[in-house]
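Visitor: predicted model and sequence below, questions to follow.
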Amino acid sequence: KDAYRRMVISKCVSPNLPVKALRGINLEMFKEYWTGKHAPNTINQTLNKFKAFLNYCVRKGWMAKYQNVSSTLQAKPISYFTDNEFKALMDALETDELKRAILFYHQTGCRKSEPFIARRVGNTLIIPKMKKSKVERRIVLSPVLAQIHDEMMARYNERKTFVKSDKANWDWWYLGLKKACKKVGLGNKTLHDLRDTFVVRLW
């Protein structure tokens, strides 16, 4: 209960608000607060968690039934690389090392940080629970992808000696991709679009 209240409610109202008073909140205020701070998909997911919490409170008898609220917000369209766009991107990348790293993201669907926060057991990449995924994930790497991962970790550990921020370290690959995208007229694409590309290709 407390986790839900801290995550969702206390940003919009007093964290000391009694549970029974939650049904009186105008949840449009919640949407307005987070719009611009999070993507519409993220707001919808969090709002669904909020409603699940309210339903739980109703079942426990802590509050009367609340007026339902729609979670419909304009979701961001899926952005991904077509085969031709990905080929153009690969041709525009400046080094073979960067090409191999981008291929790794394309073939695994990893988020930017995941290759570096994961642990390896043989050729299996074990990605811990994260805020969004909530579950541990395992990716079996081909011998080529395992070798690329070794190269990425070596680069990451080398940069750690003079780049203190993990985010700045991970951004080396992100910035290389963005530079190449601009060269070929794909300036709106990001590293995360490789994750969506993986899902689209899988589907």
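Guide: Everything's here; your move.
Visitor: look up how far F104 lies from A146.
Guide: Using CB to CB, to the nearest Å, A146 is found at 10 Å from F104. Placement of C-beta: from N, CA and C, glycine included.
Visitor: and these two? Which one has more around it.
Guide: In terms of neighbours (other CB atoms under 10 Å), F104 is the more surrounded of A146 and F104; the figures are 23 against 16.
Visitor: tell me the contacts of that one?
Guide: 110, 115, 145, 148-149, 152 (CB atoms under 8 Å, 6 or more residues apart in numbering).
Visitor: rerun at 7 Å
Guide: F104 makes contacts with 115, 145, 148-149, 152, as judged by CB atoms under 7 Å, 6 or more residues apart in numbering.
Visitor: what of K160?
Guide: Per CB under 7 Å, 6+ apart, neighbours of K160: N169.
Visitor: try it again with 10 Å
Guide: Counting by CB atoms under 10 Å, 6 or more residues apart in numbering, K160 makes contact with 116, 166, 169.
Visitor: right, and the first one touches P128 too?
Guide: In this case it means F116. No: with contact defined as CB atoms under 10 Å, F116 does not reach P128; the gap is 11.6 Å.
Visitor: residue ranges with poor pLDDT in the chain?
Guide: 1-15, 20-28, 66-76, 131-133 (pLDDT under 70).
Visitor: what ranges does it have for its helices?
Guide: Taking DSSP state H to define them, one finds helices in the chain at 2-4, 27-34, 40-60, 83-92, 96-108, 114-117, 143-159, 166-183, 192-202.
Visitor: quick one, which of those helices gets closest to P18.
Guide: Set against P18 and scored by CB to CB, the helices of the chain come closest in helix 40-60, at 10.6 Å.
Visitor: helices or strands up against that closest one?
Guide: Under the contact criterion of 3 or more CB pairs under 10 Å, 6 or more residues apart in numbering; DSSP states H and E, helix 40-60 touches helix 2-4, helix 27-34.
Visitor: so who does the residue lying closest to W172 once chain neighbours are set aside touch?
Guide: Spatial nearest neighbour of W172, excluding adjacent residues (CB to CB, 6 or more residues apart in numbering): R159 at 6.7 Å. Applying CB under 10 Å, 6+ apart to R159 gives the contacts 166, 168-170, 172.
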